[in-house]
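K.L.:
what shape does this take:
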Amino acid sequence: MSSRETPQLQLGWDIGGAHVKACLLQDGSVRDIAQWPCPLWQGMQHLDTALALARSRWADAWDQGVAHAATMTGELADLFAGRQEGVVRIAGQLAQSLGPSLVLFDAGFAWHAPDEAGPHWRGIASANWCATARVLASRVGDALLVDIGSTTTDLVPLRGGRVAAEGKSDADRLATGELVYQGVVRTPLCALGPRVRWHERMLNVMNELFATTADVYRLTGELAADHDQAATADGRGKDEEATRQRLARMLGCDAADGSPCDWLALARWWKDAQLREIQWNLARVGERAGLPADAPVVGAGSGTFLAAQLAARTGRPFLRYADVVLPVPAADASLASWADVCAPAVSVALLASGRG
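P.N.:
Have a look, this model is predicted:
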């Protein structure tokens, strides 16, 4: 193959505290997208494992030579003494594994080499939402990005083709409502509210990691099994019986204390509590950005299904990230679904390849 015919390969990475996401572009088109569990708080060896799985999946990409671009949120893991240490250590480990082509995305719309991570750590830290928003902004004009992942929700206003977020750091974004620390897999159910309705009365819930939102959306049938990669709260199975038992513990009960319909009703109650919280923050963000009432919601993340429901609740049109951004064939529903889940990885790949 001549140099002119050699495929142009670009890998985009999103290094989170619980998952590693990656997107492989070939000649500017999406070839593959994947996600691997990476419980980074348990040690950097989990990042090595995820990177090794990626290399095994795309061995020919490494053989041919591939450019790498990364964003991250994993620096928040309590494995690190602070966020700067986290950014530097993750950057160093990525550089060692991925090679000299690696660049790191900065929310100030810049790129840095791994050895520049120390002085530029504030711009690199938790910038994945900004990569997704920047890619969408030029394509949709006015919109609200609603990226509901396994752990967090990003609510980003897009105004006139630009990213109109007020906050840049996690702390500022928590203050503005642009970051809601809830997701559809790993969020402890006690975070959704102090009380629930059970058998026509209100009960205080147990403030323990007995169950997570994945248990809710497993029972409602809305969480795709492929996206449900985190361990359960009790280390037991993900079947309906084990899931009901985890919900029951939140109330000081056992699964036998209710029928399957009872536990499904409880799951729906928790789902509604989560929707209310995200919707309240979405209204704050949209109002401050001055977005018109018909500006669409663009949904992304493993909770794209919730983003669609939020759009319906607020009377806004709904678009999927994959449909807006990628030339993915309609027949390839799986690839489109993974594009939604791994939107920051797709976005950083597109930006690095000049197609953002």
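
K.L.:
helix or strand next in line after the helix-or-strand element of the chain with minimal mean pLDDT, which one?
P.N.:
One helix or strand of the chain scores below all others by mean pLDDT, DSSP states H and E: helix 59-64, with a mean of 80. Per DSSP states H and E, helix 59-64 leads on to strand 67-72 as the next helix or strand towards the C-terminus.

K.L.:
quick revisit: just name whatever secondary elements the least confident helix or strand of the chain is in contact with.
P.N.:
Under the contact definition 3 or more Cβ pairs under 8 Å, 6 or more residues apart in numbering; DSSP states H and E, helix 59-64 sits against strand 9-15. C-betas here are computed from N, CA, C, even on glycine.

K.L.:
what angle separates the strand it packs on from strand 67-72?
P.N.:
20 degrees (axes from the mean of the first three to the mean of the last three Cα atoms, to 10 degrees).

K.L.:
and strand 9-15, what does it pack onto?
P.N.:
Where contact means 3+ Cβ pairs under 8 Å, 6+ apart, strand 9-15 is packed against strand 19-26, helix 59-64, strand 67-72, helix 83-98, helix 343-352.

K.L.:
check which residues of the least confident helix or strand of the chain are buried.
P.N.:
The neighbour-count check on helix 59-64 (16 or more other Cβ atoms under 10 Å) flags Ala61 as buried.

K.L.:
equivalent analysis for stretch 82-98, please.
P.N.:
83-84, 86-91, 93-95, 97-98.

K.L.:
how about stretch 214-234?
P.N.:
Counting neighbours by 16+ other Cβ under 10 Å, stretch 214-234 gives 214-219, 222-223, 227-230, 232-233 as buried.

K.L.:
show residues contacting it.
P.N.:
18-19, 35-37, 39, 150, 184-186, 188-189, 209-212, 238, 240, 242-244, 246-247, 249, 263-264, 267-268, 270-271, 274, 302, 305-306, 337, 341 (Cβ atoms under 8 Å, 6 or more residues apart in numbering).

K.L.:
mind checking which of the residues you listed land in helices?
P.N.:
240, 242-244, 246-247, 249, 263-264, 267-268, 270-271, 274, 305-306, 337, 341 (DSSP state H).
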